[in-house]
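**Q** All I have is the shape, not the residue letters:
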């Protein structure tokens, strides 16, 4: 077994570094906000009443991932949000959230809205799915 290395001084390959690690800052004293991840599915009458599609209630059949982040005492102008394919990075003056997402998302077709009465940021991320026997439409 022989390992080929372009530079003998490197101790890891770039493929070994997880995506989003450039955002991680262990010395940042801001606390992590409370959040929850929900999944959303587009269903019609053919799904509910007739069972014509192959959709089921599992996350494999969902089109969107919704992340609700509690941000008390925060104005929407103070929020910085960066969404990558597998990483959500949120920063406010008091809170910081670096979330490695469980599925790949399409950051260009995602949206966020701040619900000021609930002091919650709701981020809706469109899942990037490979077409398979469930996700064929």
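**A** Right, received. Where do you want to start? Predicted, not measured: the structure shown is a model, and the values here were computed from it. Numbering: from 1, shown residues only.

**Q** Let me see the ranges of the strands in this protein.
**A** Along the chain, counting by DSSP state E, strands occupy 35-40, 64-70, 80-83, 87-91, 96-100, 105-115, 120-127.

**Q** Kindly reformat these as TSV and extend each row with distance to residue 9, mean neighbour count and mean pLDDT.
**A** Just so you know, the C-beta spots here come from the backbone N, C-alpha and C atoms, and that holds for glycine as well. Below are the strands of the chain laid out as TSV (distance: least, CB to CB, whole Å; neighbours: other CB atoms under 10 Å; pLDDT from 0 to 100):
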stretch	distance to residue 9	mean neighbour count	mean pLDDT
strand 35-40	40	14	92
strand 64-70	40	18	94
strand 80-83	32	14	92
strand 87-91	28	21	92
strand 96-100	29	18	91
strand 105-115	35	14	91
strand 120-127	39	20	94
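
**Q** Just tell me which of the ones you listed ends up closest to residue 28.
**A** strand 96-100 (5.6 Å; CB to CB).

**Q** so what strands line up beside that closest one?
**A** strand 87-91 (antiparallel) (DSSP bridges).

**Q** what's the partner strand in contact with?
**A** 19-20, 23, 30, 33, 67, 69, 79-83, 96-101, 121, 123, 125 (CB atoms under 8 Å, 6 or more residues apart in numbering).

**Q** Tabulate the strands of the chain (a markdown table), appending distance to residue 15.
**A** Compiled in a markdown table, the strands of the chain are given as follows (distance: least, CB to CB, whole Å):
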| stretch | distance to residue 15 |
| --- | --- |
| strand 35-40 | 27 |
| strand 64-70 | 25 |
| strand 80-83 | 22 |
| strand 87-91 | 16 |
| strand 96-100 | 16 |
| strand 105-115 | 21 |
| strand 120-127 | 24 |
